[in-house]
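1. Task: produce atomic coordinates for the following.
(chains A, B, C and D, ligands or ions: 4)
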Amino acid sequence: MAILTLLQAVNEGLKTAMRDDSNVLVFGEDVGPKGGVFLATEGLTSEFGEERCFDTPLSEDGIVGAAIGMAMNGLRPVAEIQFQDFIFPAFDQIVSEAAKLRYRSGGQYTAPMVIRTPYGGGIRGGLYHSQSGEAYFCHTPGLKVVTPSTPHDAKGLLIAAIQDPDPVLFLEPKALYRSVKGEVPEGSYTVDLSTTRTVREGDAVTVFCYGAMVPVCEKAAEQAEESGISVEVIDLRTLYPLDEQGVLAAAKKTGRVVTVHEAPRFCGYAAEISAIIAERAIEYMEAPVTRVTGFDTPFPNTLEHHYLPDHRRVLDAIERVHAF
Amino acid sequence: MAILTLLQAVNEGLKTAMRDDSNVLVFGEDVGPKGGVFLATEGLTSEFGEERCFDTPLSEDGIVGAAIGMAMNGLRPVAEIQFQDFIFPAFDQIVSEAAKLRYRSGGQYTAPMVIRTPYGGGIRGGLYHSQSGEAYFCHTPGLKVVTPSTPHDAKGLLIAAIQDPDPVLFLEPKALYRSVKGEVPEGSYTVDLSTTRTVREGDAVTVFCYGAMVPVCEKAAEQAEESGISVEVIDLRTLYPLDEQGVLAAAKKTGRVVTVHEAPRFCGYAAEISAIIAERAIEYMEAPVTRVTGFDTPFPNTLEHHYLPDHRRVLDAIERVHAF
Amino acid sequence: MSDYELRTVLDSSGGAGDHDSGLSDAELMHCYRSMLMVRAFDDTAMKLQRSGRIGFSIPNRGIEATQVGAASALRTTDWIFPSYRDFGMALYHGVSATDMMHNMFGNALDASKGRQMPVHFSFEEPIHFVSISSPIGTHIPQGVGAAHAMKLRGEDSVALISFGDGGTSSLGFHSGLNFAGVWKSPAVFLCQNNGYAISMPTEKQTASDGFAVKGEAYGIPAILVDGNDLLAVRQATAEGVARARAGDGPTLIEAKTFRMGGHSTSDDPSKYVPKELLDEWEEKDPVPRFEAYLASKGLWVEGDRETLYSGCMAEVKEAADLAQATPLPSLETIFSDVYEEVPQHIRSQGEEAYDLLRRKGDAGGGGGEFPL
Amino acid sequence: MSDYELRTVLDSSGGAGDHDSGLSDAELMHCYRSMLMVRAFDDTAMKLQRSGRIGFSIPNRGIEATQVGAASALRTTDWIFPSYRDFGMALYHGVSATDMMHNMFGNALDASKGRQMPVHFSFEEPIHFVSISSPIGTHIPQGVGAAHAMKLRGEDSVALISFGDGGTSSLGFHSGLNFAGVWKSPAVFLCQNNGYAISMPTEKQTASDGFAVKGEAYGIPAILVDGNDLLAVRQATAEGVARARAGDGPTLIEAKTFRMGGHSTSDDPSKYVPKELLDEWEEKDPVPRFEAYLASKGLWVEGDRETLYSGCMAEVKEAADLAQATPLPSLETIFSDVYEEVPQHIRSQGEEAYDLLRRKGDAGGGGGEFPL
Ligand SMILES: Cc1ncc(C[n+]2csc(CCOP(=O)(O)OP(=O)(O)O)c2C)c(N)n1
Ligand SMILES: Cc1ncc(C[n+]2csc(CCOP(=O)(O)OP(=O)(O)O)c2C)c(N)n1
Ligand SMILES: [Mg+2]
Ligand SMILES: [Mg+2]
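-> Ligands and ions are numbered 1, 2, ... in the order given. Alright, predicted model coming up:
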């Protein structure tokens, strides 16, 4: 098996899906000849032609709106939003339209499509090139929200998303684009859009995380192990709809939970994890259900390393819930 | 004191603020001669002239964008979005701009403004005239999010929001516009944007709610009282930033918590309430921290009475946490 | 003054010069009957709303010729991306009053399963009449996307994308027309300038000289047409459709007409529409205008309207009675169609809803086990 | 071909016909020096980025005349709503290289307190140069709102709102120009058509015949001007500004120019910009063009550029050294300015951050008590 970066795995996933199904199209700002600002779409225009991988005008509303129409009419569009921070002009199309089309038409019209977008911090991008908006979309019935943390999952989840009959927001942790490498099978395969991934097993504390926080949590877990705390790390990867049974089982296993994400805390994704546990597994809890998150502020630039949860902050939370 | 409906109280609040400060302007779609589709702005154009209350083209992006520019340059704009469901074209302006302007400019530029919008179900409005999007905005640092449930609070909170130095999203529970009446003081007064309101005291179960769910929860609490369960009902009213101390105190008081809202459950506002409690008061909890919410589906039309939490559903949850 | 000259075919006495509509007598009569059907549907819906039998409707009086004329230029393999005021297009293409009334009552036979407000129709047959959305303008880039799919597959179908004067201020108008211009999409944009967006006259909507000129911002050729002239609207639409089928890209049509009713059944237009304007447009009523033309062709005599209209009314009334007698959607419809498969968390919520119903009774709409 | 004729003042040999710029010799030299300052800032920023001292910059080579020409038509009581490529406007109005370099390094003296990426400037003095935002086009309706405030207060100030060719596809362009047209706002819209939006040439951006024509969609008069001709840009802007001050509403200016560098320091334009195009525009470099004019007025001789430029470079280099030597913002800056007052939950998070720092050390940028 080839060893690829997460970015290469995304590129491979796109190519594989495009080879397998001629209805799959890729478009967005600068995805054509330039290959995208992160090069995720490099080589697609040359392999598949301008009809299947092309640049669009600078309008996220147009990109997503057109994708919905294509999806309604038999294509499998994969739209790129250059940075997740720039998805908001398309918020209406995503939330009011893609997410609600099947429902409001009683199943007559559907929007099987993927919106890919790099998200999260770690590249010194400041307020507008660093955000993690998953909670907005996970509060929107009708959407699926997926984020990989390994090259293997990146390719397999992406292909699954493209094949999925419903609209999928595919969040790519840009901090991991080039910083993680891993084995990626050749050809087509899918990773199921309804399961979590156990990154490491442990029985004292459970850490839930996703995206670029996964390696951070792994590192914290390793350090905790050194001081004798056995930590289970779960990569949620399909954030919505969530495998709630899996989450509950992992939480009950240790009775001590830490959830980690980059986004602001208030009404962030971790709140839902805490709420599910507090509602359906509170009697198993031995410690406060804890969150380690970005602060409730916009995303800073120079000091982003303070804003982003790092292994020290996660470790500190692990120690706290363990000692409770 | 005059007895007014909530709608009349909003109208009074606008008039009072406009009389007190000539920088206050009101605008939006159909707010001028027509007085707004719910008549919240009735009489403003005739009293204050077209310069201070006027119609705008059909673009929420333009309405909010222009409001931000006016606010930067010394005015106190009060923009109306006709239904909260139609706020999404302005999502970028609200989330990327209004919420982040002070931060990104180091305080050089600010956007003291109010966006008023009717929200919630109960008028047979289906998917697009019924939504409760508060969680989207409460996950957005830099915004304040306020929702009244009484005429008194409607006027006092609205005036406070207009005087506030930061952007405030003012969510008006449209189901209560004409269905609740109450005493409203003459002239100008404010209700502090950082406190909750104790609707009724009780010591067995705590119910957190806001907007149109407040009367629903009151009714459920009354029925619970009849079967001997003493219920405290808290109207959160300023959803963000939240009086977290107040919430924790009320939760600890009974150790049994139910949070109620109309919006879908997953990543909804109640999740944050549960998460705060699970993180900082779990040792006081005697029962699962429970949510009664809209379902994780779009908002239906014919069957909206099943979708919306009603007193039966709230009472059921109260009984469950009480019996636990 | 606009560079776009108002195109008309029919003069007020029914003359059409040497215009060849390409329509057979039967087709002309179908157009006529469709306009009366719109009026009958409208009148009935208004009464149903006033008597509390349905919650809401959207009046179409005055704009029947625009809708029917445009629809008549399409094949059933084309797609319509309608606004909420466009049900005349569906009626023209043969959607039954019954299917429409099921929607107005939001009952179990409604294509949208009672999830949408009245007049938010969705049909796949006999023509794609795409599920109507309330947010203004969102369907415009969607129509362009659907048109792009037609183009990529080499079909010669067309997307007709319809919206109001107010809709031109929306984000979707800007992105949709811009994309269509660049992509040379087989799309026809129909801007129904009916004078108002709820209470706002067009001069509060835009300072442009009409709406046709907006095409220039996107390199899209435009036509300004008299929207109360069925044949002129048909001709203009046919021209756009032909251009699209030939691979020559999109066309913007501004149909100048007037909304003779309120915005909706919740609206009182007397607050903001000057009486003189209504009187002026009453003179231009598209129905008598088309009747004069039919009469000139020997297809119509005094009294025909009443006969046909009462036939339409009977059909619509029967549809309404049937729809009202049809049960409401089952509780299960709240939980289905969010995704293709019902995910676990929604299934659980459905089960809880059924459970509550079993334990506490009340609230109608089904019972028993959660069936999904 | 466009109906909008390209306006020029300067011919390639420095002739300006009988054009009266209204500028004194000193003012002309200030314009000239401002262009060189942009170039010096640019060159320095590029080197700083290449050597890892800063993270990012946005090249301005080629478009200096557009920025300086437009800025020169404003008073300091006017407001600039800039795009991220407009720092030449700030330099022209006297913002110091030091204040700008503080931003490039995101240090404690940066007006944005290190919260924004480099080149996202914010200044209130000596002119309102409104905090730059990354999302394209959002500042356009904001500028219209600020202009509306000027109008309501009866001021004769103007908002200059600047954006790129790509920016015309944004939602803010559509809503902003539409509102300005209806409101007759004292706004001047400057579309800097520099040929590309990152890698996308204008023909992928829009099918319209240039950008000036887009004004017609909003009833806004437009001017097409040679963006490499400082005096022509100044004149066009002055015309728009005069119209605005007189209460006659907005103007759209398309300045045709070319981005000679990459989109940003992260971009490699050789992948998509044809060499011939670069060569063609190299010929039109705005700096020698303006020099020829200055020379014709006896204000410039061969060698002056080098002298002035090295003066600029010295100033910029000193600014960079100073900025780099300035400490980073304190940890507290993460938590302030979210609201006017720090709310309790943010205060707690700040305290936790300081606490972690105290207990676990590491990560620089302040320590001790949370000060807010
Ligand atoms: C995004 C959005 N904003 C506001 C509304 C509320 N609204 C419904 S219809 C309408 C006016 C539309 O006018 P126009 O486009 O001229 O169509 P007409 O009703 O005249 O056919 C408005 C403002 C909406 N549905 N969507
Ligand atoms: C809403 C949004 N989408 C995408 C981007 C990414 N982006 C940054 S600059 C740019 C191109 C802008 O081109 P243009 O308006 O021509 O300005 P120029 O860079 O040429 O000065 C893009 C797509 C963004 N900043 N905002
Ligand atoms: Mg209209
Ligand atoms: Mg450009």
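
2. Give the bridge partners for A:Thr206, please.
-> Per DSSP bridges, the residues bridged to A:Thr206 are A:Glu232, A:Val257.

3. Who are the contact partners of it?
-> Counting by Cβ atoms under 8 Å, 6 or more residues apart in numbering or on different chains, A:Thr206 touches A:Val231, A:Glu232, A:Ile234, A:Ala250, A:Ala251, A:Lys253, A:Thr254, A:Arg256, A:Val257, A:Val258. C-beta here means a position set from N, CA and C on the backbone, and glycine is covered the same way.

4. Am I right that the fifth one is in contact with A:Tyr284?
-> Yes. A:Ala251 sits in contact with A:Tyr284 when judged by Cβ atoms under 8 Å, with a separation of 6.9 Å.

5. on that earlier part again, between the contacts of A:Thr206, identify the one with the most neighbours.
-> A:Val257 (34 neighbours; other Cβ atoms under 10 Å in any protein chain shown).

6. what's the distance between the residue most central in space within chain A and ligand 1?
-> By Cα atoms, centre = their mean, chain A has its centre lying nearest to A:Thr147, at 1.9 Å. Using Cβ to the nearest ligand atom, to the nearest Å, one gets 30 Å for the distance from A:Thr147 to ligand 1.

7. who touches C:Ala353 in this structure?
-> B:Phe295, B:His306, C:Leu331, C:Ile334, C:Phe335, C:Phe370.

8. quick check, A:Phe115 in a strand?
-> Rather than Phe, residue A:115 is Ile. Yes. Per DSSP: H, G, I helix; E, B strand; the rest coil, A:Ile115 lies within a strand segment.

9. tally of neighbours for it?
-> Counted with other Cβ under 10 Å, A:Ile115 comes out at 29.

10. and it, what does it touch?
-> A:Val64, A:Ala67, A:Ala79, A:Glu80, A:Ile81, A:Ile87, A:Ala90, A:Ile94, A:Pro167, A:Val168, A:Leu169, A:Phe170.

11. quick one: it from ligand 3, how far?
-> Computed with Cβ to the ion, to the nearest Å, the distance linking A:Ile115 and ligand 3 is 32 Å.

12. Quick check: bridge partners of that residue?
-> Going by DSSP bridges, A:Ile115 forms beta bridges with A:Ala79, A:Leu169.

13. A:Ala250 falls within a strand, correct?
-> No. With three-state DSSP as the criterion, A:Ala250 is assigned helix and is not in a strand.

14. Return the per-residue confidence for the residue nearest to the centre of chain A.
-> For A:Thr147, the pLDDT comes out at 98.

15. thought it was touching A:Ser132?
-> No. Using Cβ under 8 Å, A:Thr147 is not in contact with A:Ser132, being 9.1 Å away.

16. hey, what's in contact with both of those two?
-> Taking Cβ under 8 Å, 6+ apart as the criterion, A:Thr147 and A:Ser132 both touch A:Tyr119, A:Leu171, A:Gly211.

17. so how far is chain D from the last one?
-> This means A:Gly211. Noted for A:Gly211: a distance of 21 Å to chain D, by Cβ to the nearest Cβ, to the nearest Å.

18. Tell me who's in contact with that residue.
-> A:Tyr119, A:Gly120, A:Ser132, A:Thr147, A:Pro148, A:Ser149, A:Leu171, A:Pro173, A:Leu176, A:His261, A:Glu262.

19. how about 10 Å then?
-> A:119-120, A:132, A:134, A:147-149, A:171-176, A:235-237, A:239, A:260-263 (Cβ atoms under 10 Å, 6 or more residues apart in numbering or on different chains).

20. Contacts only, for the residue nearest to the centre of chain A.
-> Counting by Cβ under 10 Å, 6+ apart, A:Thr147 makes contact with A:119-120, A:132, A:134, A:153-154, A:157, A:169-173, A:176, A:210-214, A:235-239.

21. One more pass at 8 Å, please.
-> A:Tyr119, A:Glu134, A:Phe170, A:Leu171, A:Glu172, A:Pro173, A:Tyr210, A:Gly211, A:Arg237, A:Leu239.

22. Can you report how many residues neighbour the third one?
-> What it means is A:Phe170. Neighbours of A:Phe170 under the rule other Cβ under 10 Å: 25.

23. And it, how close does it get to A:Arg116?
-> From A:Phe170 over to A:Arg116 the distance is 5 Å, taken as Cβ to Cβ, to the nearest Å.

24. Give me the common contacts of the two.
-> The contact sets of A:Phe170 and A:Arg116 overlap at A:Leu158 (Cβ under 8 Å, 6+ apart).

25. And the pLDDT at C:Asp3?
-> 78.

26. At the contact with chain D, which residues of the stretch 151-300 of chain A appear?
-> Within the stretch 151-300 of chain A, the residues that sit near chain D (Cβ under 8 Å from any Cβ of the partner chain) are A:Arg265, A:Phe266, A:Phe295, A:Asp296, A:Thr297, A:Pro298, A:Pro300.

27. between the residues you listed, which is closest to ligand 4?
-> A:Pro298 (26.7 Å; Cβ to the ion).

28. Can you show me the strands along the stretch 201-324 of chain A?
-> For the stretch 201-324 of chain A, strands defined by DSSP state E, counting those that start in this stretch occupy the ranges A:205-209, A:231-235, A:238-240, A:257-264, A:290-294.

29. Now do the fourth one: which elements does it pack against?
-> If you count contacts as 3 or more Cβ pairs under 8 Å, 6 or more residues apart in numbering or on different chains; DSSP states H and E, strand A:257-264 packs onto helix A:134-138, strand A:205-209, helix A:213-226, helix A:269-280, strand A:290-294, helix A:311-323.

30. is the first one anywhere near chain B?
-> Right, the one you point to is helix A:134-138. Yes. Legend: contact between helix A:134-138 and chain B by Cβ under 8 Å from any Cβ is shown at A:Ala135, A:Tyr136, A:Cys138.

31. residues contacting the last one?
-> Under the criterion of Cβ under 8 Å, 6+ apart, the neighbours of A:Cys138 are A:Val145, A:Leu239, A:Tyr240, A:Leu242, A:Tyr269, A:Glu272, B:Phe266, B:Cys267.

32. quick check, nearest of those residues to C:Asp226?
-> Distance to C:Asp226 across those (Cβ to Cβ) is lowest for A:Val145, with 49.1 Å.

33. How is chain A partitioned into domains?
-> Recorded structural domains for chain A (assignment: automatic domain parsing) are A:2-184, A:197-323.

34. Determine which of those approaches D:Met46 most closely.
-> In terms of Cβ to Cβ, the element of these nearest to D:Met46 is domain A:2-184, at 17.2 Å.

35. is ligand 2 contacted by the closest one?
-> Yes. Interface with ligand 2: domain A:2-184 contributes A:Glu29, A:Leu58, A:Glu60, A:Gln82, A:Phe86, A:Pro89 (Cβ under 6 Å from any ligand atom).

36. Is any residue of that domain near ligand 4?
-> No. Contact of domain A:2-184 with ligand 4 (Cβ under 5 Å from the ion) is absent, the minimum separation being 9.3 Å.

37. For that domain, measure first residue to last.
-> 6 Å (Cα to Cα, to the nearest Å).

38. gap between that domain and the chain center?
-> Distance, stretch centre to chain centre, for domain A:2-184: 11 Å (Cα atoms, centre = their mean, to the nearest Å).

39. And stretch C:79-98, by the same measure?
-> Worked out by Cα atoms, centre = their mean, stretch C:79-98 lies 5 Å from the chain centre.

40. Number of residues surrounding residue 126?
-> Let's take chain A. 28.

41. You answered for a different chain; I wanted chain C.
-> Count around C:Pro126 with other Cβ under 10 Å applied: 11.

42. Could you check how far it is from ligand 2?
-> 40 Å.

43. Can you tell me how far that residue is from C:Thr76?
-> With Cβ to Cβ as the criterion, C:Pro126 and C:Thr76 are 5 Å apart.

44. Could you break chain C into its assigned domains?
-> Domain segmentation of chain C under automatic domain parsing yields C:25-325, C:331-368.

45. how distant is the first one from the center of its chain?
-> So that's domain C:25-325. The answer for domain C:25-325 is 3 Å, by Cα atoms, centre = their mean.

46. ok, and does that domain reach over to chain A?
-> Yes. If you take Cβ under 8 Å from any Cβ as the test, domain C:25-325 does meet chain A, through C:79, C:81, C:110-113, C:115-116, C:120, C:122-124, C:130-131, C:133, C:135, C:138, C:140-150, C:152-153, C:159, C:171-172, C:174-176, C:178-179, C:182.
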